[in-house]
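Q: predicted model follows, preceded by the sequence.
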Amino acid sequence: MLEYIKNVWLGFWTVIVGMKITFTHLFEKKVTVQYPDDRYPIPPNARNKLHLEPTLCNGCTSCARICPVNCIKVETLRVVPDDPEQPMIADGTKRKLWVPVYDIDFAKCCFCGLCTTVCPTFAIKHTVEFEYSTYSRDDLYVRFSDMSPEKVAEKKKMLEEFQAKEKAAKAEAARKAAEEKSKAEAQAKAESSPVTESKESN
Amino acid sequence: MGLLNKLNQPYEAGGIILGTFEDILNWGRARSDWYLHFGLACCAIEFMAMNASHFDFMRFGTIPRATPRQADFIMITGTVTLKMAERIKKLWEQMAEPKYCISVGSCANCGGPYWEHGYHVLKGVDRIIPVHVYVPGCPPRPEAFQDGMIKLQKMIKEEAIFRKRKKLEEETKIELSA
Amino acid sequence: MTINEIYEQLKEEYGDSIIELIENPPCDSSIIVKAESIFDICHTLRDKPGFEFDYLMCLSGLDLGENLSAVYHLYSMKHSHKVVLKTIVPKDNPKIPSVEKIWRTADWHEREAYDLIGIIFEGHHNLIRILCPYDWEGYPLRKDYKEPEYYHEMKVPY
Amino acid sequence: MGEKKRIELDYSKIESDRMRLNVGPQHPSTHGVLRLEVELDGEIVTEVVPHIGYLHRCFEKHAEKMTYPQVIPYIDRMDYVTSMNNELPYVMAIEKMLGIEVPEKVQYIRVIMCELNRIASHQIAVATFGLDAGAFTPFLYFFRDREYILAIFEKASGARLLFNYFWIGGLAADVHPTFKEDVLAIVKQVRKTNKEIEDLLIYNKIFIERTANVGILPPDVAINYACSGPVLRGSGVKFDLRKNEPYSIYDRFDFDIPVGMGEVGTVGDCWDRNIVRMREMEQSCRIIEQAIEQMPNEGDVQEKLPKKIKPPKGDIYMRAENPKGDLGFYIVSNGTDKPERVKARGTSFVNLSVLPEISKGYMFADLILILGSIDIVLGEVDR
Amino acid sequence: METTNFVYNLIPNETIAIIVISVIPLIFLIVYALLAILGELKISAWIQERLGPMRTGPWGILQPIAEVVKLIQKEDLTPDSANKPLFNLAPYIIFMGAYASFAVIPFSRYFVPSGINIGLFYIFAVGSIAVIGIVMGGWASNNKYSLLGAMRSVAQIISYEIPGAMAILSVAVLASSLDLEKINIAQEGGIWNWFIFGGQGSWSKIWVFPFTLVLSLIYLVASLAETNRTPFDIPEGESELVAGYHTEYSGMKFAMFFFAEYANMFVVAAVLTITFFGGWNSPFGNFMQGPGWDVFWFISKAFFFVILQIWLRWTLPRLRVDQLMYVGWKVLLPFSFICFLFISLFKMIN
């Protein structure tokens, strides 16, 4: 019986205690941040939308390789040595590669931050931007490259020409080398035997 | 059938009154969105945080409902697996019109980090149900959820309810473009 | 008790069933045992005074290419010592006696190993798939696994 | 209010209509996407069959395809409530295989982060447990505090939930300059809120009636099922990896292991499991305070590592005390930069397997509470 | 019977007058329900250090209106497997039960919709109609959760009606009447004449105070159970039963349930006000007493109790089904009997 009365009293009393606590909270300062009008402070190193500075990117593709989800697509073109433009990267080094395609699919990205740590030129960075929800998934596929298609075509053509030229030069060189070799071999044959041994050692 | 379906008959002329009426109806639907929270994975934790005091999702007039019948939009937060997909479809069919869907997070958008080797992950919830707003992030910040919500409200507000009015608009568009 | 002592004692009791002790610091040392006698060995390990491995930390299935393997990580709450047991079975006949009756926790671990690797635990009371749907085909964690094109009319690859 | 005893019925003698109820996979209180097939006799649960796998995201398959550092983001996504704690055993395992000693400062930051995350995780656990009991307000008080903890994580690592902060051989970035003050402020706030919640929820008579003497888990059953963490300690077993098998630098701190004592009911009931979490938050606060005091200000946060991390051939099992119990990683290395196999021993996976055992004979409403008291995260159950 | 309704004096035609009289509570009910929904949203938010609806009108005050506009447009689903006539009828029956109670609630001494002399009895009788609606809805939905919710709800409402009725009965003993107007009139003349302090009479009534206080608490608890609110919201306990008996309802039919819940809250608050807290009487004797003030005092007192219900809801966890029965039968009932006994004794001695 005593237990019963005690239980009833406890039931009643703890309810009163709880109500007292909630009542005090009724008048406390509210912590809500009214989002579109006010904003919660976001630290500068926050990992939200990625941003690529195309003028800084040297096309090393280490970001695409480290990405665990393979959401970065990078294509590069070699800069032809006799290109009249001879571009520079914004930090002053000479550009060795054009970056005609640099796409990030934000629908896939897992915002782990690995790509930003491997970038040698700090071209890719996480920004504090997070308001980019869309009505269509295609809008989440962002193209960062600053090269126009015409320019890409031009550079491609230039590279092809250069490569063809190079190939021709190489073929020429190879032919010459082969010729020389065969000449040397012929000479060696004429001088006879120890050549085979050296080949084996190689 | 609700009142909406009755109003769906073609009207002889869509005047100002009808337009205002439509605006009021749209306002109601945009401002009072009850949601069915479909918490699946990591994003659901951020969703809970977004419901909590600091961000307070209820400011937008959203009330959580446990049953799909009473919900206006479904918020898919997390990885949809193949085992789960059929249930989502079922829930979507159980919801009463008009209904909307917000897909939150990389996983719900397209499989996210699991798109490549995830043999058991559905690559995007839009393969089974229509999605109206995509919220990117893995997981998105709580504010990003609310940004998605604002976008959905904007979409609802601009919706044309009456078929006639829609037609009229299309005609005017054609005229304008011509 | 160190793993060497456990190995010696087990060797004394079971002889041929205990194949070898692999020591490979800094990695874990492990005892390789024959699959058929794993139940008896585990039973001894749990109940014999001095061993008293009452806590099965982990049971993992492995695909070794040619063979499949199950790895048992045991721990004793009383003596705070550990031991790692390994069994190897051929891929075309992957049968290992279940230890579910010794440690109840093995129930789900074994179901998982069956589900993902395809090891069949004999004597398990309910060896069905646990993570994948019940009508799933194939064992996903095998190295030669190919993911299906369609599942219930839903496209699987991206 | 009366003593609630486990209802013993001889089912062989009673013939009544059993109802099969399907709870989940989308049910407001299954803590995710768990499906329970429940057989009810009136309101009394006669059988529970958990069906899991609704969040099977193929973690182990992904781990085989990734290099060692790339696995860490996926480990975050396993138990997404306690990402920091998840990363710790994995990086420790790789470091042990490579034979790396991480700098002193890193050790301290790791401990502080883990303990903060433990608090955050327990807050969610207690909050959702209260929510299952129908109390919504404590839930939001906890989430308000959790927000302050997440703010620290965000300042340090850049992310709020999935951090990718512990790297092999160190940390992703150094902590911000005001780290120590922020953490101490949080410790204060956590203690204040815990006091309040104890009055509002934990010692509320209705809550005690709901949770005491419900879902009793005897210690021997707990060990046989390999339960760990608060589930094991709630049954009165004094076992904590941080004390029994100290890893990292936990042997330098002075703290207690709270265990369930059956203060309001029987040892091992839901209330005990819950109060263990509440008291562990206090112990975490103590560890954090000591760690902040001892932490060196200067120092590197990243050890020099080869460009490609290639642990030697072999396998290793490393476990650490997660908020939910001991989380283990069994890593098999084949000498290349990609692991041969990473098997995670999900804490929740193991703890959940005990549910059918302890929920028979209780009411349907109790089943929800028992599930809540085990505190599972489906991301870890299904991986 | 002498008519006390000002509408009859205003409108000579009796038919029109009756219609007006019946419509006034309906309008009041709708306005009140909108306010109560807003109150629920806002108070819950403030308790939890949030702000609640903020973006619909200034400070979100238009939120309930938006909700009504939305609910009207919502598709009205009837599940295929449901029993259609019962399924469609249930919400109206529940709403009817709540609305019918308003017939006897005396808002002011000049406005009692229907002055019958067994008002208290009528409220209890009509209030039970809701049970039928709940069972109908729960059963007809053909959903296990709905059925479980409905079953629980019936058990709960029936068991809590007894202590509630006992509490009210003691007031009937004190007032020697079941007529709500007479009960109100018996409490005239300041706060010390309210029934919680024993009604009009000499200072010896102070002996009654502990018992009336306990009885008023018992009625409050019982009313919480009758309106299915926390800690007794087991029929719709979200964590167990999804949404209880109205799981399958959508659109306007669900709105009916919603309205009925809030209307019921007002009815029980009104009964509590009338029986224990002086009804339309001002707490300061003749100060601020009069026909206009009557409405003010009555509604503000009733609102206080509605807010108390909301406040309780956001503080407490919910009970389990067997504990609920325990509280009803083994705590409230004996206590109400003891108090009733003492009050009857007191009345006899006096």
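A: Thanks, I have the structure now.

Q: what about the one residue in the stretch 201-350 of chain E that gets nearest to chain D, neighbour count?
A: Using CB to the nearest CB, the closest approach of the stretch 201-350 of chain E to chain D is made by E:Arg318 at 3.1 Å. For the C-beta atoms, the positions are set from N, CA and C on the backbone; glycine is no exception. Neighbour count of E:Arg318, defined by other CB atoms under 10 Å in any protein chain shown: 27.

Q: give the contact list for the one residue in chain A that gets nearest to chain C.
A: Using CB to the nearest CB, the closest approach of chain A to chain C is made by A:Lys108 at 8.9 Å. A:Lys108 makes contacts with A:Val69, A:Asn70, A:Cys71, B:Ser106, B:Cys110, B:Gly111, B:Gly112, B:Pro113, B:Trp115, as judged by CB atoms under 8 Å, 6 or more residues apart in numbering or on different chains.

Q: same list (these) but as TSV, adding pLDDT.
A: Below are the contacts of A:Lys108 laid out as TSV (pLDDT from 0 to 100):
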residue	pLDDT
A:Val69	85
A:Asn70	85
A:Cys71	85
B:Ser106	85
B:Cys110	85
B:Gly111	82
B:Gly112	80
B:Pro113	84
B:Trp115	83
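
Q: and the buried ones among those residues, selectable in ChimeraX?
A: Entered in ChimeraX, the line below selects the buried ones among those, by 16 or more other CB atoms under 10 Å in any protein chain shown:
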select /A:69,71 /B:106,110,111,112,113,115
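
Q: who in chain B is up against chain D?
A: For chain B, the contact set with chain D under CB under 8 Å from any CB of the partner chain comprises B:38-42, B:44-46, B:48-49, B:51-54, B:66, B:78-79, B:81, B:83-84, B:87, B:91, B:107, B:113-114, B:116-121, B:138-139, B:141.

Q: so which of the residues you listed are also by chain C?
A: Applying CB under 8 Å from any CB, the subset of those adjacent to chain C comprises B:Lys83, B:Glu116, B:Tyr119, B:His120.

Q: restrict those to contacts with chain A.
A: Among these, proximity to chain A is found for B:Glu116 (CB under 8 Å from any CB).

Q: which of the ones next to chain C among the residues of chain B next to chain D sit farthest apart?
A: Distance extremes for these: the farthest pair is B:Lys83 and B:Glu116 at 19.4 Å, using CB to CB.

Q: more crowded one of these two?
A: Comparing B:Lys83 with B:Glu116 by other CB under 10 Å, the one with more neighbours is B:Lys83, at 26 against 18.

Q: D:Pro103 is in contact with D:Asp300, correct?
A: Yes: with contact defined as CB atoms under 8 Å, D:Asp300 reaches D:Pro103; the gap is 5.2 Å.

Q: does chain E have contacts with stretch D:189-199?
A: No: taking CB under 8 Å from any CB as the criterion, stretch D:189-199 and chain E are apart, separated by no less than 11.1 Å.

Q: which SSE is the residue nearest to D:Asp132 when sequence neighbours are not counted in?
A: Nearest residue to D:Asp132 in three dimensions, chain neighbours excluded: D:Gly372, at 4.0 Å (CB to CB, 6 or more residues apart in numbering or on different chains). Following DSSP states H and E, one finds D:Gly372 within helix D:364-374.

Q: next, the distance between the ends of stretch A:80-94.
A: 12 Å (CA to CA, to the nearest Å).

Q: to clarify, my last question referred to stretch E:95-107.
A: Stretch E:95-107: ends 20 Å apart by CA to CA.

Q: now stretch D:50-62
A: Span of stretch D:50-62 from end to end, CA to CA: 26 Å.

Q: please apply the same query to stretch E:179-192.
A: 21 Å.

Q: ok, and the residue in the stretch 201-350 of chain E that chain A sits nearest to, which helix or strand is that part of?
A: Across the stretch 201-350 of chain E, no residue is closer to chain A than E:Thr315, which sits at 4.6 Å (CB to the nearest CB). Following DSSP H and E, there is no helix or strand that holds E:Thr315.

Q: mind listing what it touches?
A: So E:Thr315 contacts A:Val15, A:Gly18, A:Met19, A:Ile21, A:Thr22, D:Ala135, D:Thr137, D:Leu200, E:Ile47 (CB under 8 Å, 6+ apart).

Q: how much space between it and chain C?
A: Distance, E:Thr315 to chain C, using CB to the nearest CB, to the nearest Å: 39 Å.

Q: for that residue, give its distance to chain B.
A: To chain B, E:Thr315 is 16 Å away according to CB to the nearest CB.

Q: who in the stretch 51-200 of chain D is up against chain C?
A: D:Ile52, D:Gly53, D:His56, D:Cys58, D:Glu60, D:Lys61, D:Glu64, D:Lys96, D:Met97, D:Gly99.

Q: could you dump the residues you listed to a markdown table with secondary structure and neighbour count?
A: What follows is those, written out as a markdown table (DSSP: H, G, I helix; E, B strand; the rest coil; neighbours: other CB atoms under 10 Å in any protein chain shown):
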| residue | secondary structure | neighbour count |
| --- | --- | --- |
| D:Ile52 | coil | 26 |
| D:Gly53 | coil | 27 |
| D:His56 | coil | 30 |
| D:Cys58 | coil | 26 |
| D:Glu60 | helix | 23 |
| D:Lys61 | helix | 22 |
| D:Glu64 | helix | 18 |
| D:Lys96 | helix | 18 |
| D:Met97 | helix | 24 |
| D:Gly99 | coil | 10 |
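
Q: right, I'll call it a day here.
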